[in-house]
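Participant: Task: produce atomic coordinates for the following.
(2 chains)
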Amino acid sequence: MRQAPMRPRTIIALCLGGLALMILLPVLVAFVFGYIQGYSGREPDFASAVPWILAPIVAGLMVTVLVVTLVWMRTIDEAAREAHKTAWFWGGQAGLAVGGVGVILAALPQASAFRAQAFFDVRDDPAAYMALGAGLLVLLMTAGYVAAWAWWWLSRR
Amino acid sequence: MNNRLKVLRAERNWSQADLAAALGVSRQTVNALETGRYDPSLPLAFRIAHVFGQPIEAIFSE
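Facilitator: Down below sits the predicted model:
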């Protein structure tokens, strides 16, 4: 499928829009989450409803991110796309492999004495541990992704 | 895979940016193609052939 080359003005507008989104979105999310957190502290009834309020907000954010990614993916050329596909597969795979060691070790009975929350300042309950583990795995996969992407792209410039 | 992109471009006095604009890709992609570090997709190979007015097999070889 042939893609018409984008005009410089379109590229600049997309870049500025993306930059504004990157700055404004975290501010907006932090504000909403902070407000909900603060309000739920004052109103116990409201606190029980927080998950039901946050779930659609977070789901909406995820859909927005997917749409933005889709639009952005269509603006880059095939080599750039290939770089991201390779980075996702190999970098993500490498991150998963490293994280997998931790997952297997954490499943051993000997790991019961290990208190991860002491390092990361999180709650000491199963859901918090699950979120922490998933977060660390995503972090490792992202690190692998960035490293693999940098290698692919920089070696072909 | 080998290609004659650099030669064909030089014959026309085109810069990598010129060729990139004609193909609708980035200059980095043209550079990666010319140095043999990236093999184009079939649609891009057809576009390259069209831009240079030559059949694909005259530009790319094993």
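Participant: low pLDDT regions in chain B?
Facilitator: For chain B, not a single residue meets the criterion pLDDT under 70.
Participant: In it, where's the longest helix?
Facilitator: Scanning chain B for the helix with the most residues, using DSSP state H, yields helix B:42-52.
Participant: helices or strands next to that one in the packing?
Facilitator: Applying 3 or more Cβ pairs under 8 Å, 6 or more residues apart in numbering or on different chains; DSSP states H and E, one finds that helix B:42-52 contacts helix B:16-23, helix B:56-59. In short, each C-beta sits where N, CA and C put it, glycine included.
Participant: Of these, give the one that comes closest to chain A.
Facilitator: helix B:16-23 (5.8 Å; Cβ to the nearest Cβ).
Participant: Give me the angle between the closest one and helix B:42-52.
Facilitator: 110 degrees (axes from the mean of the first three to the mean of the last three Cα atoms, to 10 degrees).
Participant: List the buried residues of helix B:16-23.
Facilitator: B:Q16, B:L19, B:A20, B:A22, B:L23 (16 or more other Cβ atoms under 10 Å in any protein chain shown).
Participant: Please apply the same query to stretch A:118-137.
Facilitator: By neighbour count on 16+ other Cβ under 10 Å, the buried set for stretch A:118-137 is A:Y129, A:L132, A:L136, A:L137.
Participant: What about those residues, which are in helices?
Facilitator: Among the buried residues of stretch A:118-137, the members falling in helices (DSSP H) are A:Y129, A:L132, A:L136, A:L137.
Participant: is it possible to export those to JSON lines including distance to A:G102?
Facilitator: Putting these into JSON lines (distance: Cβ to Cβ, whole Å) gives the following:
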{"residue": "A:Y129", "distance to A:G102": "12"}
{"residue": "A:L132", "distance to A:G102": "11"}
{"residue": "A:L136", "distance to A:G102": "7"}
{"residue": "A:L137", "distance to A:G102": "8"}
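Participant: Specify which member of the residues you listed is nearest to chain B.
Facilitator: Lowest distance from chain B to these (Cβ to the nearest Cβ) belongs to A:L137, with 30.6 Å.
Participant: Identify the residue spatially nearest to that closest one, adjacent ones excluded.
Facilitator: A:G99 (4.2 Å; Cβ to Cβ, 6 or more residues apart in numbering or on different chains).
Participant: And the residue nearest the centre of chain A, what's its pLDDT?
Facilitator: Centroid-nearest residue in chain A: A:V138, 7.1 Å away (criterion: Cα atoms, centre = their mean). On pLDDT, A:V138 comes in at 94.
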